[in-house]
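> Whatever this is, show me its structure:
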Amino acid sequence: AMPGDVPPVGRRGGRLRAVPTRSDAIRSGLRMDLAETAFKDDVWVANNVLSKYTVLEYFSRSPFYTPPARNEEYIIVEEQEPHLFVIRKQFRDPNGGPPAHVAFYYVLDQVI
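Residues are numbered from 1 along each chain as shown. Down below sits the predicted model:
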């Protein structure tokens, strides 16, 4: 099997479970309760180094990630390599005003 063929694993209530991507959930009509979801992709972590240069790529594999719409972006706002990264989703004001914070996510010891 190819590395991408193995589903990522999440923790909920102390049990490991496969975590569908958000697009898979939308296609199947599944409502994802992301407030109680943790995500870790063991295959990705085994083949890559998590750093400030790769954490957004890693985050994009999680169910928390949605492709940014116009004027939205994900940025790293805090980093304590290799253990902690804080990611902010923000909406950039097209008129040059300050960005609006949409959501914050953290990656702690490879778990989002």
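
> what are the ranges of the helices in the protein?
Assigned by DSSP state H, the chain shows helices spanning 22-28, 42-47, 55-59.

> In terms of mean pLDDT, which of those ranks lowest?
Note on the helices of the chain: lowest mean pLDDT is at helix 22-28, with a mean of 53.

> Next one: the residue nearest to residue 48 when sequence neighbours are not counted from residue 81, what distance?
Leaving aside its sequence neighbours, residue 48 sits nearest to residue 54 (Cβ to Cβ, 6 or more residues apart in numbering; 5.8 Å). For the C-beta atoms, the positions are set from N, CA and C on the backbone; glycine is no exception. Using Cβ to Cβ, to the nearest Å, we find residue 54 at a distance of 11 Å from residue 81.

> residue ranges with poor pLDDT in the protein?
Low-confidence segments of the chain (pLDDT under 70): 1-33.

> Tell me which residue lies farthest from the centre of it.
residue 95 (28.3 Å; Cα atoms, centre = their mean).

> how close does that residue sit to residue 71?
The gap separating residue 95 from residue 71 is 10 Å, by Cβ to Cβ.
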